[in-house]
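Undergrad: return atomic coordinates for the entry below.
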Amino acid sequence: MSIPQSGGGPIEHYGQLAEYLASGCKPKADWRIGTEHEKFGYVAATLEPLPYDGPCSIKAMLEGLRDEFDWAPVTEGGNIIGLSYPDGSNISLEPGGQLELSGAALETIHQTCDEVNEHLREVRTIADRIGARFIGLGAAPVWTHDEMPLMPKGRYKLMDAYMPTVGTHGTQMMRRTCTVQVNLDFASEADMVQKLRVALSLQPVATALFANSPFFEGKPNGHKSWRSRIWRDLDASRTGMLPFVFEDGMGFERYVDYALDVPMYFVYRDGTYINALGQSFRDFLKGELPALPGEKPTLSDWADHLTTIFPEARIKKYMEMRGADGGPWRRLCALPALWVGLLYDQSALDAAWDLVKHWDNETREALRTAASVDALQAETHGVKMLDLAREVVNIAEAGLKARARPGAGGLLPDETHFLNALKDSVETGRSPADELLAHYNGDWNGDLSRIYADYSY
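TA: Numbers count the residues shown, from 1 in each chain. Model prediction:
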């Protein structure tokens with residue numbers, strides 16, 4: 001979840017909302033890669049989730065990272081709830097204590113992977129010291145809702161109470177899921193539209209390739225990606241595949257109209273989250289928000305509101321790919337490689353659009369559902385997910401070859417090797433969830449506690 005936004009002055013006219021999004025447009029030379037990934041922490045001795053406070057806790061992790069590696073603390077209400085670094089990266093907490101790295105804006109996947117390695121090394125250093133471990137999965141395999149702590153953030157307290165009123169799975173998302181995401185740039189409104197259409201259409205492929213949550217509350221749940229299943233019944237007003245994106249007239253203003261119709265969560269003022277649950281940003285623009293009568297919003301309020309919208313791909317001043325489960329190290333580097341390969345080379349982007357441009361809304365939604373259940377074995381509306389995934393990975397590989405960004409001091413000619421984990425999946429037809437289920441039904445003999453020793457970082 002995002003930290004409070006800052007730096008925006010008063011909104012004086014409606015056009016500023018679209019201008020805010022459009023201000024993210026950059027020439028290709030300035031396009032960057034920002035990778036985010038979340039992981040579950042647990043007490044090594046007991047396999048219980050980390051509490052916020054105590055000698056082996058989230059707080060101890062954050063304080064250790066602060067003191068050992070010179071991260072600056074982010075506090076709320078006297079509690080440390082995150083960390084920041086001068087390069088623009090930050091460490092934040094998901095509602096259930098999941099630790100998230102939001103990486104710096106970097107030029108290559110090589111740099112992104114170096115960043116991931118360094119972060120996990122730092123986390124392991126402090127975790128070993130306090131008796132904790134971390135694991136990358138799409139959903140908590142064993143822990144129940146009541147076992148998961150709620151982090152001391154005002155935003156989360158509001159959301160925790162609101163989620164059950166608008167869907168059936170919202171609190172599961174908050175406390176018991178993890179993802180890996182990549183944030184990418186666009187050059188223009190037209191470039192944004194093409195990229196967003198491809199991104200939404202192919203999120204089910206990312207869900208299938210990265211499916212890594214086949215267990216929930218101690219047993220198989222019937223889905224390869226339970227995390228994806230959770231998102232389908234969270235809050236229909238702010239999630240989904242955004243059919244309007246594929247209509248004529250799509251652009252920044254159309255996205256603004258959509259975002260304005262998403263009910264608000266809060267307004268952030270002077271370190272406090274003010275309850276605006278279910279209220280309208282349109283009313284806020286008119287100075288008629290019940291939570292702040294007579295007050296009009298700032299661009300920071302608009303930026304905050306955009307962080308409360310959760311479609312499968314979304315735009316702010318950049319575009320976020322949101323369809324993948326959290327997972328092991330190789331997949332933390334593979335996710336940005338997949339999307340950079342597809343979206344940062346025009347020939348690859350055009351080829352990806354050619355794959356999906358004939359689909360209708362029903363096909364896209366059906367693929368999203370099928371991916372959560374069957375991952376790479378999914379088949380619906382005449383589309384075989386494994387065949388589609390193979391084509392998508394091939395296009396991404398061609399895009400990365402065309403980028404030709406060398407690494408390892410020039411020893412690596414490009415970034416294509418970061419796709420190796422995905423190439424293995426399309427060759428075998430197995431997602432990480434299939435591997436986990438094979439262990440569960442094989443050498444683990446149904447003992448799900450084995451997952452911690454075998455899959456922790």
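Undergrad: ok, now how distant is Met250 from Ala259?
TA: Counting by CB to CB, to the nearest Å, the gap from Met250 to Ala259 is 13 Å. Yep, even glycine has a C-beta here, placed from its N, CA and C like the rest.
Undergrad: average pLDDT across stretch 213-232?
TA: Averaging pLDDT along stretch 213-232 gives 98.
Undergrad: buried residues, it. List them.
TA: Buried residues in stretch 213-232, counting neighbours by 16 or more other CB atoms under 10 Å, are found at 213-217, 220-221, 223-232.
Undergrad: same deal with stretch 296-308?
TA: Per 16+ other CB under 10 Å, stretch 296-308 contains these buried residues: 297-308.
Undergrad: again, but for stretch 131-150
TA: 132-143, 148-150.
Undergrad: before we move on, what about stretch 95-109?
TA: Along stretch 95-109, these residues count as buried under the neighbour rule (16+ other CB under 10 Å): 95-106, 108-109.
Undergrad: could you save these as TSV and add columns showing pLDDT, distance to Val123 and secondary structure?
TA: Conversion of the buried residues of stretch 95-109 to TSV gives the following (pLDDT from 0 to 100; distance: CB to CB, whole Å; DSSP: H, G, I helix; E, B strand; the rest coil):
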residue	pLDDT	distance to Val123	secondary structure
Pro95	97	19	coil
Gly96	97	17	coil
Gly97	97	13	coil
Gln98	98	12	coil
Leu99	98	7	strand
Glu100	98	11	strand
Leu101	98	8	strand
Ser102	97	14	strand
Gly103	97	14	coil
Ala104	98	16	coil
Ala105	98	21	coil
Leu106	98	19	strand
Thr108	98	23	coil
Ile109	98	21	helix
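Undergrad: mind putting those residues in CSV, distance to Cys333 included?
TA: Converted to CSV, those look like this (distance: CB to CB, whole Å):
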residue, distance to Cys333
Pro95, 26
Gly96, 25
Gly97, 24
Gln98, 19
Leu99, 18
Glu100, 16
Leu101, 13
Ser102, 16
Gly103, 11
Ala104, 15
Ala105, 16
Leu106, 12
Thr108, 11
Ile109, 6
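Undergrad: which among those gets closest to Glu36?
TA: Top of the list for closeness to Glu36, among those and by CB to CB, is Ser102 at 4.8 Å.
Undergrad: test my guess that the closest one contacts Glu36.
TA: Yes: between Ser102 and Glu36 there is a contact at 4.8 Å, judged by CB atoms under 8 Å.
Undergrad: report the separation between Arg403 and Phe281.
TA: Shown here: Arg403 relative to Phe281, a distance of 38 Å by CB to CB.
Undergrad: so which of these two has more stuff around it?
TA: Phe281 (24 against 17; other CB atoms under 10 Å).
Undergrad: and the pLDDT for that one?
TA: The confidence metric pLDDT takes the value 98 at Phe281.
Undergrad: run a quick neighbour tally on His439.
TA: 17.
Undergrad: list the contacts of it.
TA: Counting by CB atoms under 8 Å, 6 or more residues apart in numbering, His439 touches 450-451, 454.
Undergrad: list the buried residues of the host helix or strand of it.
TA: Taking DSSP states H and E as the definition, His439 sits inside helix 432-441. Across helix 432-441, burial judged by 16+ other CB under 10 Å covers 432-437, 439-440.
Undergrad: from the residues you listed, pick the one nearest Glu365.
TA: Nearest member of these to Glu365, counting by CB to CB, is Ala433, at 21.0 Å.
Undergrad: can you give the contact residues for the helix or strand hosting Arg229?
TA: Applying DSSP H and E as the criterion places Arg229 in helix 226-232. Contacting residues not belonging to helix 226-232 are listed as 138-139, 169, 172-173, 177-179, 207, 211, 213-216, 221, 223, 239, 310, 312, 323, 325-326, 368-369, 371-373 [CB under 8 Å, 6+ apart].
Undergrad: 7 Å instead?
TA: If you take CB atoms under 7 Å, 6 or more residues apart in numbering as the criterion, helix 226-232 is touched by 138-139, 169, 172-173, 177, 179, 207, 213-214, 216, 223, 239, 325, 369, 371-372.
Undergrad: what average pLDDT does the following helix or strand past it get?
TA: On the C-terminal side of helix 226-232, the closest following helix or strand by DSSP H and E is strand 239-240. For strand 239-240, the per-residue pLDDT values average out at 98.
Undergrad: so which elements touch whichever helix or strand comes after strand 239-240?
TA: Past strand 239-240, further along toward the C-terminus, the next helix or strand under DSSP H and E is helix 252-260. In this structure, helix 252-260 makes packing contacts with helix 15-22, judged by 3 or more CB pairs under 7 Å, 6 or more residues apart in numbering; DSSP states H and E.
Undergrad: in the helix it packs on, what's buried?
TA: Along helix 15-22, these residues count as buried under the neighbour rule (16+ other CB under 10 Å): 16-18, 20-22.
Undergrad: any chance you could map the strands in the stretch 151-300 of the chain?
TA: 179-184, 215-216, 219-220, 239-240, 266-269, 272-275 (DSSP state E, counting those that start in this stretch).
Undergrad: can you tell me which of those strands is nearest to Tyr255?
TA: Counting by CB to CB, and looking across all of the strands of the stretch 151-300 of the chain, nearest comes strand 239-240 at 13.8 Å.
Undergrad: tell me what the closest one is packed against?
TA: Applying 3+ CB pairs under 7 Å, 6+ apart, one finds that strand 239-240 contacts strand 310-311.
Undergrad: ok, and what's touching the strand it packs on?
TA: With contacts defined as CB under 7 Å, 6+ apart, strand 310-311 is touched by 238-240, 242.
Undergrad: hmm, back to that, could you dump the buried residues of helix 432-441 into CSV with distance to Met385 and pLDDT added?
TA: CSV is the format used below for the buried residues of helix 432-441 (distance: CB to CB, whole Å; pLDDT from 0 to 100):
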residue, distance to Met385, pLDDT
Pro432, 15, 98
Ala433, 13, 98
Asp434, 13, 98
Glu435, 17, 98
Leu436, 18, 98
Leu437, 17, 98
His439, 22, 98
Tyr440, 22, 98
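Undergrad: and of the residues you listed, the nearest to Arg390?
TA: Among the buried residues of helix 432-441, Asp434 lies closest to Arg390 (CB to CB), at 15.9 Å.
Undergrad: which residues does the closest one contact?
TA: Contacts for Asp434 were tallied using CB under 7 Å, 6+ apart; they are Ala375.
Undergrad: hmm, 8 Å instead?
TA: Going by CB under 8 Å, 6+ apart, the list of residues near Asp434 reads 224, 375-376.
Undergrad: which single one of these is nearest to Gly78?
TA: Of all those, Lys224 has the smallest distance to Gly78: 41.8 Å, by CB to CB.
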